[in-house]
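Colleague: Provided below for reference: sequence and predicted model.
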Amino acid sequence: MGTVVTPQNAPPELLPQGQALQVAQQQNVTKQRRNAALAAGGPGAKTTQQDGATPAQPGLMPFERAPIKRFSGTIQQITELPRRDQQIHIWVTEPGGRELHVSVAPKWFLQFMGCTLSHDAQVNGRGFKFDRANKRDPVVYAKEFTINGRRCQLRNDEGFALWSNKLR
């Protein structure tokens with residue numbers, strides 16, 4: 001699907017001479033207003049700190065990609081936490097005995113995908129560690145996993161749940 005051409009975004013050679021001049025004047029006024037707002041420290045103004053870095057805008061947090069954690073082991077426990085997030089959580093015992101808490105997905109989504117979890121099954125996958133405060137035992141949010149030879153994709157590369165309609 002192509003771009004819709006309007007008088008505001010059309011190349012000047014496609015517009016009648018009088019209309020082209022009018023659009024150019026409007027664009028010039030818009031640029032002047034934007035530059036004046038920036039000079040006055042208005043929205044979009046960038047100020048530099050001592051180190052030359054641009055400070056974050058109030059109310060915005062810089063995006064930092066969550067670290068990926070690989071997991072592999074035996075499912076020791078399967079629990080649905082209806083009051084918390086209505087998702088299935090599993091506890092996986094990894095080689096060496098370390099236990100890992102993995103948030104998987106809602107039960108209906110796992111059924112829809114044909115991903116059946118079972119106690120004592122072998123599972124391996126990758127997930128996100130979003131919780132930076134709990135470094136000792138963070139919950140891993142499964143991005144994908146394989147169980148019984150079936151690969152189950154649960155989240156996209158940014159960590160958004162594929163069962164959420166917020167991606168549309």
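Modeller: Structure received.

Colleague: Please count neighbours and contacts with C-alpha atoms only from this point.
Modeller: Noted.

Colleague: quick one, phi psi at Met113?
Modeller: phi -80, psi -10 (degrees, to the nearest 10).

Colleague: what's the neighbour count on it?
Modeller: For Met113, the count of nearby residues is 14 (other Cα atoms under 10 Å).

Colleague: Skipping its backbone neighbours, what lies nearest it in space?
Modeller: Cys152 (7.0 Å; Cα to Cα, 6 or more residues apart in numbering).

Colleague: Pro106 now?
Modeller: Pro106's closest residue in space is Gln87 (Cα to Cα, 6+ apart), at 4.1 Å.

Colleague: try Thr74
Modeller: Distances taken as Cα to Cα, 6+ apart put Gln122 closest to Thr74, at 4.6 Å, once the chain neighbours are dropped.

Colleague: Quick one, grab the pLDDT at the one you found.
Modeller: We have a pLDDT of 95 for Gln122.

Colleague: so what's Pro95 closest to, chain neighbours aside?
Modeller: Gly73 (6.3 Å).

Colleague: swap in Ala66?
Modeller: Nearest non-adjacent residue to Ala66 (Cα to Cα, 6+ apart): Phe130, at 5.5 Å.
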